[in-house]
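K.L.:
Here is my input; please provide its structure:
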Amino acid sequence: MPARIAHISDTHLGTRPGRGVKHNVWGVELRTRLLENDFYERFAEVFDIIANLDPPVDLVVHSGDLYNSPWEGNPQQPPIMAQETTISTLQNFIESTGIPVLILEGNHGIYRSLRVSLLDSLKLAIPDLEIATQQDLRHALSEQAPLVHSFEKLDVFCFPFMERNVLESAGILVDFTDWITTFQRPDSKKPSVAVAHGMDLDGSLYSDMFSMGYDYIALGHDHHQHKHAKNVWYAGSPERWRFDEIRHEKGFLVVDIEDNGDVTINQHPLEYKRPVYNEQMSIEDDDSIESVIGHIEDWFETNGIKADWDPKTAARVRLVFDRTSLHVSSLDLGLELENLRMKALSQNSGYNLVQFVWTIKQTTTKHEEASYPEIESEYLIENPEEDFRAYLETLDIDEKYDESILTRIAVQALLMAVDPSEERLTFDKITEDTE
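P.N.:
Predicted coordinates for the structure are as follows:
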């Protein structure tokens, strides 16, 4: 019999962009920040669209990373708002449509050191929800049993995220691949679908599943919606998780499996009100700090960012500077960009901007041999400001701390480590350029 599924993935609910974000702007007053709320709205929007598809789907498959945390960079559980949004959206969808939903566990939203799953607690709140967790996979392996969910019109074989190095260190990689080929083989006349969370890039996608004769394989982990092989697709993420994802078409997939085995994949793109820019900017040899800042201001003007504040259309901007001139050092430019950001993200600034970040790519410069070359080479190779900001992104920083001040302290401390002749580090020195 024919079957129809909706394939979504990598919703990353609970994502809280924090670097360079305008303070005290809310998506839902005192409940969720503006950019965090974008992920919740997109999740609800996708299920609203699926609920109104004609003909309706027989199943919704989510191929992993329902929540953004916990993960390596943030061990905390998802925000309460993320969990409430998930429960209310899925309950309303299942009750109003009668369409089942299956969610696979990915590498985000998973407690790596505990044998518990957030999806288990989600199923307690929504008994009709179908889930497949890493613990389910461990149990299937130990019991030598398939990990399959059977529905009226199709069977779904599940491959929750499993790191290759975990299997290798436990000495069971061969056993795992044998389990796939022995127990995850379709054995009914119904259409068969596999759902997996993995990529070739990190070795978490196991190629044995491609030889099992599934009619369709629904993949998650890669945020770029694209065809991986015949009848094998990544649904991608429905919201822009990183700045470099703006080149990807975002949305979900609808897959039709016919009686004769033919498969049709239809892409359903989403539209966005909030613009996101990942802009490359060149710094010419004759540029000065003042001219570079002037170019940025002109770019803001050209792209309509110098405008009245609108929380629905306030832009997210990342600028990438591909090199520095003899007259513009990375440190000086970083400090001036900090000043511009403080101005642009202040209340009533005249900028319709909710996030402003940047990357300054280093250039090779001639320098005298250092007394401690291992220290100086480390400093010259890495951009201390960019690296420290990247480190801050992995932390849950209390809003009372100004990330720009923390970055200044770190950069100045590194400078003093390389050149002990630098004057003593004081609060006045750190804050003098912000006043």
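
K.L.:
And for the residue nearest to His197 when sequence neighbours are not counted, the neighbour number?
P.N.:
Distance criterion C-beta to C-beta, 6 or more residues apart in numbering; nearest residue to His197, sequence neighbours excluded, is Gly64 at 3.2 Å. (Each C-beta comes from the backbone N, C-alpha and C, glycine too.) Per other C-beta atoms under 10 Å, the neighbour tally for Gly64 reads 28.

K.L.:
Please apply the same query to Arg247.
P.N.:
Counted with other C-beta under 10 Å, Arg247 comes out at 7.

K.L.:
For it, what are phi and psi?
P.N.:
With angles defined as degrees, to the nearest 10, Arg247 sits at phi -80, psi -10.

K.L.:
before we move on, what about Gln83?
P.N.:
phi -70, psi -40.

K.L.:
mind listing what it touches?
P.N.:
Tyr67, Leu122 (C-beta atoms under 8 Å, 6 or more residues apart in numbering).

K.L.:
So Asn266 sits against Ala235, correct?
P.N.:
No. Asn266 lies out of contact with Ala235 (C-beta atoms under 8 Å); the separation is 11.8 Å.

K.L.:
what do the two both touch?
P.N.:
With C-beta under 8 Å, 6+ apart, Asn266 and Ala235 have common neighbours Leu253.

K.L.:
do you know how far Met199 is from Ile265?
P.N.:
Distance, Met199 to Ile265, by C-beta to C-beta, to the nearest Å: 19 Å.

K.L.:
ditto for Gln280
P.N.:
Distance from Gln280 to Ile265, by C-beta to C-beta: 33 Å.

K.L.:
between these two, which one's more packed in?
P.N.:
Using other C-beta under 10 Å, the more surrounded residue of Gln280 and Ile265 is Ile265, with 15 against 11.

K.L.:
Surely that one is in a helix?
P.N.:
No. Ile265: not assigned to a helix; according to DSSP: H, G, I helix; E, B strand; the rest coil it is strand.

K.L.:
Now do the contacts for it.
P.N.:
By C-beta under 8 Å, 6+ apart, the contact set of Ile265 is Tyr216, Lys227, Asn231, Trp233, Leu253, Val254, Val255.

K.L.:
repeat for Gln91
P.N.:
Each residue near Gln91 by C-beta under 8 Å, 6+ apart is listed here: Ala125, Ile126.

K.L.:
so it is in which element?
P.N.:
According to DSSP states H and E, Gln91 maps onto helix 80-97.

K.L.:
coming back round to it: more neighbours: Asn266 and Ala235, which one.
P.N.:
Using other C-beta under 10 Å as the criterion, Asn266 and Ala235 rank with Ala235 on top: 29 against 12.

K.L.:
My guess is that one contacts His221. True?
P.N.:
No. Judged on C-beta under 8 Å, Ala235 makes no contact with His221 at a distance of 10.4 Å.

K.L.:
what touches both of those two?
P.N.:
Residues touching both Ala235 and His221 (C-beta under 8 Å, 6+ apart) are Ser9, Asp10, Ser63.

K.L.:
Just the pLDDT at the residue nearest to Asp222 when sequence neighbours are not counted, thanks.
P.N.:
In this structure, Asp222 finds its nearest non-sequential neighbour in Tyr234, 4.6 Å apart by C-beta to C-beta, 6+ apart. At Tyr234, the model reports a pLDDT of 98.
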